[in-house]
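Colleague: got a sequence here, can you build the structure:
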Amino acid sequence: MSADSSLAPAALCLLRTSAIGDVTHVVPLVHTLQEAWPQTRLSWVVGKLEHTLVGDLPGVEFVVFDKRRGLAGMREVWRTLRGRRFDALLHMQVALRANLLSLGISARRRIGYDHARAKDLHGLVINERIPARSGQHVLEAIGSFAEPLGLKQSRVRWDLPIPAEARDWALAQLPGEVPTLLVSPASSHVLRTWRPERYATVIDHVATRGWRVALVGGRGTADRALADAILAHCRRPPLDLTGKDTLKRLLALMTRARLVLSPDSGPMHMANAVGTPVLGLHAASNPDRSGPYSDRRWCVNCYDAAARRFLGKPAAALPWGTKIEYPGVMDLITVEAVIERFEAFAAHAGLA
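Modeller: Below is the predicted model of the structure:
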């Protein structure tokens, strides 16, 4: 977008350390800033894991925060930035830890969230706020941090770099042109995770339709246990890549898949960022706020049913962003509903 270069700030600091999905939402903002003011120095304080996903974005200085080190991790960030003063801090995280971390970042303008979205003393560490709007997707809320600077995020693009090594690895796992469903079953929020036997039934159905199915997940014990439970219920076991990839390799796998099946999770947003359609599973969270940004046609949306069942009111009556994380909430999503969305996508893509 065009912008008056004479108004360009010399240096901006972006603060969003986590999580994977939210960090992918920051990437279009980075491109917006770079297109408007290519001479502005951008520094991004980001989490250690998240850095492995976005740390090779060109033209950005990354300051890595290791949250596992607690106060020592904060002090390391502060030492790195000592003696530097930014024209503005874009403080895009309201959690208490991020608010404390921001205290060691010197900036003339400290732009944060509006009153409705602020919490955990966020208002004490900022001196400006983004416009107060309800009904926004998380990506749009993050994009609105450009507005106090006089910019508008009018185009959304990611262009996340994928190394050749990751692409070669993904090609070796998923060779040829067989239509592939990538199943990323886990969410960091356990109550957003679907039942393993239901995943297995969908996997078996997709396999009977001539598709290749691959199962992915992290290296942790919870992801491994979920994958094993799914595999135990499958009559047609998928290719099991659980714990074998990296975030960059996962991006590469997603570029080789025709569709990704996932609950509300980081991998959902990674798939969207590389342009792969997502069959999202939503009951605990509102897909219009936190679903795949570019295309939600293939999602199963039981958020309103969850609101009525667990909160006694329709979703439209809830404050924007309300999460309905109750035991059993994901059981509202039926196997039949997921298969229907898969078949609808396959027909749309000419793969039925």
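Colleague: now the longest helix along the chain: buried residues?
Modeller: Scanning the chain for the longest helix, with DSSP state H as the assignment, gives helix 20-36. By neighbour count on 16 or more other CB atoms under 10 Å, the buried set for helix 20-36 is 20-34, 36. The way it works is simple: take the backbone N, C-alpha and C, and place the C-beta from them, glycine included.
Colleague: what score does Ala3 have for pLDDT?
Modeller: Reported pLDDT at Ala3 in the predicted model: 62.
Colleague: cool, and the one 4 residues further on?
Modeller: The predicted structure scores Leu7 at 82 on the pLDDT scale.
Colleague: contacts only, for it.
Modeller: If you count contacts by CB atoms under 8 Å, 6 or more residues apart in numbering, Leu7 has them with Gly150.
Colleague: go with 10 Å
Modeller: Counting by CB atoms under 10 Å, 6 or more residues apart in numbering, Leu7 touches 36-37, 149-151.
Colleague: circling back: what's the first helix or strand after the longest helix of the chain?
Modeller: strand 41-47 (DSSP states H and E).
Colleague: pLDDT on the next helix or strand after that next one, on average?
Modeller: Scanning the chain past strand 41-47 towards its C-terminal end, the next helix or strand to appear is helix 48-54 (assignment: DSSP H and E). On average, the pLDDT along helix 48-54 is 98.
Colleague: domain boundaries for the chain, per the record?
Modeller: 5-149, 164-348 (automatic domain parsing).
Colleague: tell me which of these sits nearest to Trp158.
Modeller: Proximity to Trp158, assessed across the domains of the chain by CB to CB, is greatest for domain 164-348 (4.1 Å).
Colleague: quick one: end-to-end distance for that closest one.
Modeller: 31 Å (CA to CA, to the nearest Å).
Colleague: using the three-state scheme, assign the closest residue to Ile130 other than its chain neighbours.
Modeller: Counting by CB to CB, 6 or more residues apart in numbering, the nearest residue to Ile130 once its immediate chain neighbours are dropped is Ser144, at 4.7 Å. Using DSSP: H, G, I helix; E, B strand; the rest coil, the structure places Ser144 in helix.
Colleague: for the stretch 151-300 of the chain, give me the ranges with low pLDDT.
Modeller: Per-residue confidence of the stretch 151-300 of the chain (counting by pLDDT under 70) places no residue in a weak region.
Colleague: which residue ranges form the helices in it?
Modeller: Secondary structure of the stretch 151-300 of the chain (DSSP state H, counting those that start in this stretch): helices at 164-173, 196-208, 221-233, 247-256, 266-273, 287-290.
Colleague: a markdown table for these, including mean neighbour count?
Modeller: A markdown table is the format used below for the helices of the stretch 151-300 of the chain (neighbours: other CB atoms under 10 Å):
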| stretch | mean neighbour count |
| --- | --- |
| helix 164-173 | 15 |
| helix 196-208 | 19 |
| helix 221-233 | 16 |
| helix 247-256 | 23 |
| helix 266-273 | 27 |
| helix 287-290 | 20 |
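Colleague: check contacts around Asp304.
Modeller: With contacts taken as CB under 10 Å, 6+ apart, Asp304 has the following neighbours: 283, 286, 313-316, 318, 332.
Colleague: gap between whichever strand or helix holds it and the chain center?
Modeller: Here Asp304 is covered by helix 303-306, with elements defined by DSSP H and E. Average the C-alpha atoms of helix 303-306, do the same for its chain, and the two points are 22 Å apart (CA atoms, centre = their mean, to the nearest Å).
Colleague: ok, now stretch 197-213?
Modeller: 25 Å.
Colleague: about what we covered before: compute the inter-axis angle for the longest helix of the chain and strand 41-47.
Modeller: Computed with axes from the mean of the first three to the mean of the last three CA atoms, to 10 degrees, the direction of helix 20-36 lies at 180 degrees from that of strand 41-47.
Colleague: how near is Arg16 to Val63?
Modeller: Applying CB to CB, to the nearest Å, the value for Arg16 to Val63 is 12 Å.
Colleague: with neighbour numbers in mind, choose between the two.
Modeller: Neighbour comparison, Arg16 and Val63: the larger count goes to Arg16, with 23 against 19 (by other CB atoms under 10 Å).
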